[in-house]
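S.K.: sequence first, then the predicted structure, then my questions.
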Amino acid sequence: MGLVIIVLIVAVVIFLIMIYNRLVTMRNAARNAFAQIDVQLTRRHDLVPNLVEVARGYLQHERSTLEAVIQARNQAVSGLKAAAANPGSVEAMAVLAGAENQLTGALGRLFALAEAYPDLKANQTMMQLSEELTSTENKVAFARQAFNDAVMGYNNTREVFPNNFIAANFDFLPMQLLEIEDSAKREAPRVSFG
């Protein structure tokens, strides 16, 4: 009888350890998925100043648009740093999503304005930067989807019974998805300089 109780206790302890380890693994997978977003958004943010510099020579009378792009880029960089420091934070994800929405909108206005300048549209550097930006936008979308999938799996695992008891007692907090509210902004800006 005593041996049965000891075996039962050992089995329960092993089961709890397996739940704990699964939660750790899934949380780390979500954090790693955010690291991929970080890489792609950093690349996107690094392209913006080059794009603005090329456009500056052609858009001398459109200073406010260029300044808006740079300001939006700087806010996006700050939002990314805050989110990278705590990828599970609801507030950090909301700030990052808002900042990226603003940057996407500002870039859209810049590209729309560039359409009115044939020399700028034909500029080889501008075309190359636009192509790199579009490619990066696609990579951001894929990385964001992978992150959201990892977060959803982690959140589901932490909320089901009996995992929720382990999650509550060992500070496995829910993580926030990275969502963009306006579906039109989910798409990479379409730019044609041809």
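M.R.: Noted; the coordinates are in hand. Numbers count the residues shown, from 1 in each chain.

S.K.: from residue 142, how far out is the residue nearest to the spatial centre of the chain?
M.R.: Taking C-alpha atoms, centre = their mean, the centroid of the chain lies closest to residue 37, which sits 4.5 Å from it. For residue 37, the distance to residue 142 equals 10 Å [C-beta to C-beta, to the nearest Å]. (C-beta placed from N, C-alpha, C; glycine too.)

S.K.: also residue 36?
M.R.: Residue 36 is 9 Å from residue 142, by C-beta to C-beta.

S.K.: also residue 169?
M.R.: For residue 169, the distance to residue 142 (C-beta to C-beta) stands at 35 Å.

S.K.: one more: residue 90?
M.R.: 23 Å.

S.K.: check contacts around the nearest residue to residue 87 once chain neighbours are set aside.
M.R.: Spatially, and ignoring its direct neighbours in sequence, residue 87 is nearest to residue 34 (3.9 Å; C-beta to C-beta, 6 or more residues apart in numbering). Residue 34 sits next to 83, 84, 87, 147, 178 when contact means C-beta atoms under 8 Å, 6 or more residues apart in numbering.

S.K.: just the buried residues out of those, in PyMOL syntax.
M.R.: In PyMOL, this line selects whichever of the contacts of residue 34 come out buried by 16 or more other C-beta atoms under 10 Å:
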select buried, resi 83+84+87+147+178
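
S.K.: next secondary structure after the helix ranked longest in the chain?
M.R.: In the chain, ranked by residue count with DSSP state H as the criterion, the top helix is helix 2-56. Where DSSP states H and E defines the elements, the next helix or strand beyond helix 2-56 is helix 63-85.

S.K.: just the buried positions in that following helix, please.
M.R.: 65-66, 68-69, 72-73, 75-77, 79-80, 82-84.

S.K.: what's the answer for stretch 92-103, then?
M.R.: Those buried within stretch 92-103 under the rule 16+ other C-beta under 10 Å are 92, 93, 94, 95, 96, 97, 99, 100, 101, 102, 103.

S.K.: mind checking which of those residues are in helices?
M.R.: Residues of those located in helices (DSSP H): 92, 93, 94, 95, 96, 97, 99, 100, 101, 102, 103.

S.K.: and the residues you listed, which is closest to residue 155?
M.R.: residue 93 (12.7 Å; C-beta to C-beta).

S.K.: surely that closest one and residue 83 touch.
M.R.: Yes: assessed by C-beta atoms under 8 Å, residue 93 is found in contact with residue 83 at 6.1 Å.

S.K.: show me the shaky parts of the chain.
M.R.: Applying pLDDT under 70 to the chain flags residues 180-194.

S.K.: would you confirm that residue 59 contacts residue 68?
M.R.: No: at 11.9 Å, residue 59 does not count as touching residue 68 under the criterion of C-beta under 8 Å.

S.K.: helix, strand or coil for residue 88?
M.R.: The three-state label given to residue 88 by DSSP: H, G, I helix; E, B strand; the rest coil is coil.
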